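In: missing the sequence, but the structure's below:
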């Protein structure tokens with residue numbers, strides 16, 4: 001049975017309390033170091049030892065915040081870095097320095113993600129609620145086959161987040177994605193239709209199945225495709241994915257006239273430095289295809 005998203009529970013509260021205790025110890029230690037270092041600078045002047053202490057403070061600050069950009073600002077603000085440890089209206093200190101950026105993700109799961117930049121920004125400086133919302137939306141995109149590789153990369157970043165509740169949500173989303181595809185694949189295992197092929201194809205692209213399971217799924221997808229004939233562009237994408245033969249892109253383009261297939265073909269040849277083949281297919285239209293961003297499709 002597919003599990004639901006994790007809600008706040010006693011385990012989350014326990015983990016949060018543990019994190020807060022650790023954070024308090026790091027904060028206290030850092031404040032003492034900063035105070036002693038400032039006293040030393042005022043009494044004996046700036047020496048090499050003071051820079052070493054600043055480095056130690058920066059390391060402690062990074063261990064607490066897990067954020068390179070904020071650590072960089074922390075060092076630049078020295079000796080006023082103690083201001084970073086002043087809570088504001090009972091909010092977590094980390095939220096004080098976060099830039100309020102709206103979550104620019106389309107809720108219509110039939111569309112592609114607007115642009116990767118806002119999401120990447122939120123993954124670095126977003127607050128826990130924004131990151132959890134990203135994780136939940138990733139589930140919607142992946143099960144619909146939207147930017148699977150990119151979204152799975154974001155999900156794995158969330159799995160390494162410093163906030164326990166964010167990692168719990170991300171872990172649950174990963175499990176939900178796995179359960180979704182495994183359930184769909186098991187129900188359509190003996191059915192040869194295009195939808196059953198897509199379920200396997202999308203699941204393989206998540207990189208969740210490994211080892212023997214992955215090979216079995218690829219073999220199953222190959223058998224299903226052999227029993228199907230289609231002029232749908234993604235059919236040729238699946239053939240290319242299974243065989244590694246990018247010529248299926250070109251075959252698919254010739255049959256469907258789908259420009260994305262031609263673009264993928266030309267980019268794959270460019271990556272292999274097969275310039276003669278690329279040159280033979282160049283035209284004003286194909287040049288624009290190569291330069292066109294995927295988000296524009």
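Out: Cool, got the structure. Everything numeric in this text was worked out from a predicted model, so none of it was measured. Residues are numbered from 1 along each chain as shown.
In: the strands in the stretch 51-200 of the chain, which residues?
Out: With DSSP state E, counting those that start in this stretch as the criterion, the stretch 51-200 of the chain has no strands.
In: just the helices in it please.
Out: 68-76, 93-96, 116-125, 128-143, 148-159, 164-187, 194-205 (DSSP state H, counting those that start in this stretch).
In: Can you give me the domain boundaries for the protein?
Out: 10-93, 98-228, 229-297 (automatic domain parsing).
In: Residue 248 and residue 239, how far apart?
Out: 4 Å (Cβ to Cβ, to the nearest Å). For the C-beta atoms, the positions are set from N, CA and C on the backbone; glycine is no exception.
In: typed the wrong thing, it's residue 25
Out: From residue 25 across to residue 239, the span is 57 Å (Cβ to Cβ).
In: Can you give me the neighbour number for residue 248?
Out: 21 (other Cβ atoms under 10 Å).
In: Contacts only, for it.
Out: Residue 248 makes contacts with 236-237, 239-240, as judged by Cβ atoms under 8 Å, 6 or more residues apart in numbering.
In: In helices, which of the residues you listed appear?
Out: Here DSSP state H is the test, and the contacts of residue 248 give 236-237, 239-240 as lying in helices.
In: Of the residues you listed, which pair is most distant in space?
Out: Spanning the widest gap among those are 237 and 239, at 7.3 Å by Cβ to Cβ.
In: Common neighbours of those two, please.
Out: Common contact partners of residue 237 and residue 239 (Cβ under 8 Å, 6+ apart): 248, 252.
In: thinking again about what came up before, now the weakest link among the helices of the stretch 51-200 of the chain, please, by mean pLDDT.
Out: Here the helices of the stretch 51-200 of the chain differ in mean pLDDT, and the lowest is helix 93-96 at a mean of 41.
In: which phi and psi does the residue nearest to residue 198 when sequence neighbours are not counted have?
Out: Once flanking residues are discounted, residue 198 sits nearest to residue 145: 6.6 Å by Cβ to Cβ, 6 or more residues apart in numbering. Main-chain dihedrals, residue 145, degrees, to the nearest 10: phi 80, psi 20.
In: Tell me how many other residues crowd residue 145.
Out: 13.
In: ok, now residue 61?
Out: By other Cβ under 10 Å, neighbour count at residue 61 equals 23.
In: Kindly report the same for residue 177.
Out: So residue 177, with other Cβ under 10 Å, has 23 neighbours.
In: quick one: it from residue 184, how far?
Out: 11 Å.
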